[in-house]
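A.B. asks: got a structure for you, letters missing:
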């Protein structure tokens, strides 16, 4: 879904990565998934006026509540026990002084609509927006670059609609002018990974968007245990 700065080359987060996320023990897969998509969620949170710490909380919660994936979520979306448990959380958190709620993806929207149909949910008066999950262009395009590009454009249009709905009603932690997305991500909209989020001793270029790591090997089993790291050209010693 992301591109290497200055190029049209997409980073290697394809359907194979999404398939690997079904394996809870594939820690490298989950790390790659997080490193790929956290910037997108963080950017939306900052655009909405949240400060750095709160935006990072949004990122963490987004991934915490999405770890079951679409398939697992679909299997459990009508589970009465899960619905009741989720409603208790909503009842405890809302409709207190919450000015806005954003749902990332269809399952989140279904969960929200179910709660809104309850007596407590009907009293919520804040702004609600359901937007496309940042992984959707990747999963829906199935490796087709043109479809992925079109899906990203459509997703960003939806994000812009949500930002315009939230901006006038949410009290920001930090006053932030509303700057909408274009048809594709700009390099400036994909901030680097904080150095503290990487293992100690990692070089600074691992924090950026450069394509430096690929799974290699003759078969899936080998690829799962083999990662080849290539120093990007711009960072190689002369």
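C.D. replies: Yes, it's here. Remember, predicted model here, so these are calculated numbers, not experimental data.
A.B. asks: so where's the chain uncertain?
C.D. replies: 1-37, 48, 57-73, 95-96 (pLDDT under 70).
A.B. asks: show me the helices in it, by range?
C.D. replies: Using DSSP state H, the helices of the chain run over residues 15-20, 27-47, 52-64, 69-76, 80-93, 106-116, 136-141, 145-166, 220-223.
A.B. asks: distance to residue 206 for those helices - can I get that in a markdown table?
C.D. replies: For every residue, glycine as well, the C-beta is placed using N, CA and C. Shown next, in a markdown table, are the helices of the chain (distance: least, Cβ to Cβ, whole Å):
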| stretch | distance to residue 206 |
| --- | --- |
| helix 15-20 | 18 |
| helix 27-47 | 9 |
| helix 52-64 | 18 |
| helix 69-76 | 26 |
| helix 80-93 | 36 |
| helix 106-116 | 31 |
| helix 136-141 | 21 |
| helix 145-166 | 24 |
| helix 220-223 | 20 |
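A.B. asks: quick one: which of those is nearest residue 177?
C.D. replies: Smallest distance to residue 177 across those (Cβ to Cβ): 9.4 Å, for helix 27-47.
A.B. asks: so residue 133 touches residue 109, yeah?
C.D. replies: No: contact between residue 133 and residue 109 fails when scored by Cβ atoms under 8 Å: they sit 10.0 Å apart.
A.B. asks: more neighbours: which of the two?
C.D. replies: residue 133 (21 against 16; other Cβ atoms under 10 Å).
A.B. asks: now the more buried one: how far from residue 209?
C.D. replies: Per Cβ to Cβ, to the nearest Å, residue 133 is found 20 Å from residue 209.
A.B. asks: can you check residue 159 too?
C.D. replies: 19 Å.
A.B. asks: likewise for residue 144?
C.D. replies: From residue 144 to residue 209 the distance is 21 Å (Cβ to Cβ).
A.B. asks: so which of these two has more stuff around it?
C.D. replies: Neighbour totals were compared for residue 144 and residue 209, and residue 209 leads with 23 against 11 (other Cβ under 10 Å).
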